[in-house]
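Colleague: Take this sequence and fold it.
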Amino acid sequence: MNDHLRHASCQCGKVKFEAKDDPIVTAVCYCDDCQASGEMLQALPNSSNVLEEDKGTSYLTYRDDRWVCVLGKDLLKVYKLKDKSPTTRYVATCCNSTMYLKYMRGHWVSTYRKRFVSGDLPKIDMRTNTRFRTSQIPIPQDAPSYNRFPIKLFWKLISARIDMARGK
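Modeller: Residues are numbered from 1 along each chain as shown. A predicted model of the protein is given here:
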């Protein structure tokens, strides 16, 4: 733990979040759900890009206890691809900025890298679900790429849950 705060904001600044310490993982996801929701959310009026040029979605994933809305929580709107989807995305209605996603059964929040205002973002740890990738642009070689969610990701999530339970 490094007691470092990162700040995330919507385009107009009416919705703000703080993320404490280091993320569990920084990843770019190419799953069909992330690509479809990215396209859907980018189609909102005046929204900013959610997807990277190669159609991946870049996240910093934080424990629930290290991600907090400090301004504009009442401006957040829920979006789901399907009614029964376990993944919920949150958009700032003031300017249609996609802020983060929450997996229903998880103890983490995946925050859109593009929403962070600080310049000291950590490097990408991994690229996941490349089997769903639709882009013809070569996969960047800045991190390991995996066809699915790798065991390494689950280990990081489990370790974070254990740390939460231990109060670390």
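
Colleague: Please count neighbours and contacts with C-alpha atoms only from this point.
Modeller: Noted.

Colleague: how far does the longest helix seen in the chain sit from the chain's center?
Modeller: Ranked by number of residues, the top helix in the chain under DSSP state H is helix 151-165. Per Cα atoms, centre = their mean, to the nearest Å, the displacement of helix 151-165 from the mean C-alpha position of its chain is 17 Å.

Colleague: can you list contacts of it?
Modeller: Counting by Cα atoms under 8 Å, 6 or more residues apart in numbering, helix 151-165 makes contact with 24-25, 63, 107, all of which sit outside it.

Colleague: give me that answer again for 7 Å
Modeller: Under the criterion Cα atoms under 7 Å, 6 or more residues apart in numbering, residues 24, 107 lie in contact with helix 151-165.

Colleague: Which residue ranges of the chain form helices?
Modeller: 32-42, 151-165.

Colleague: Leaving out sequence neighbours, find the closest residue to A92.
Modeller: L76 (4.6 Å; Cα to Cα, 6 or more residues apart in numbering).

Colleague: Next, the contact list for the nearest residue to C10 once chain neighbours are set aside, please.
Modeller: Counting by Cα to Cα, 6+ apart, S97 is the residue found nearest to C10 once chain neighbours are left out, at 5.3 Å. Applying Cα under 7 Å, 6+ apart, we find S97 in contact with 10-11, 47-48, 91.

Colleague: quick one: which of these has the most company?
Modeller: C10 (25 neighbours; other Cα atoms under 10 Å).

Colleague: Dihedrals phi and psi, that one?
Modeller: As for C10, its main-chain torsions (degrees, to the nearest 10) stand at phi -70, psi 170.

Colleague: residue ranges with poor pLDDT in this protein?
Modeller: Within the chain, the segments meeting pLDDT under 70 span 1-3.

Colleague: mind redoing it with 80?
Modeller: Counting by pLDDT under 80, the chain contains low-confidence ranges at 1-3, 118-119.

Colleague: For the contacts of S97, could you give me TSV that also reports distance to Y146?
Modeller: Formatted as TSV, the contacts of S97 follow (distance: Cα to Cα, whole Å):
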residue	distance to Y146
C10	30
Q11	32
S47	29
S48	27
V91	28
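
Colleague: And those, which is closest to R115?
Modeller: Nearest to R115, judged by Cα to Cα, of these is C10 at 6.4 Å.

Colleague: Might one say that that closest one is in contact with R115?
Modeller: Yes - in terms of Cα atoms under 7 Å, C10 counts as a neighbour of R115; the distance is 6.4 Å.

Colleague: Find residues that contact each of the two.
Modeller: Common neighbours of C10 and R115 (Cα under 7 Å, 6+ apart) are M99.

Colleague: follow-up on the earlier one: for the residue nearest to C10, name its beta-bridge partners.
Modeller: A92 (DSSP bridges).
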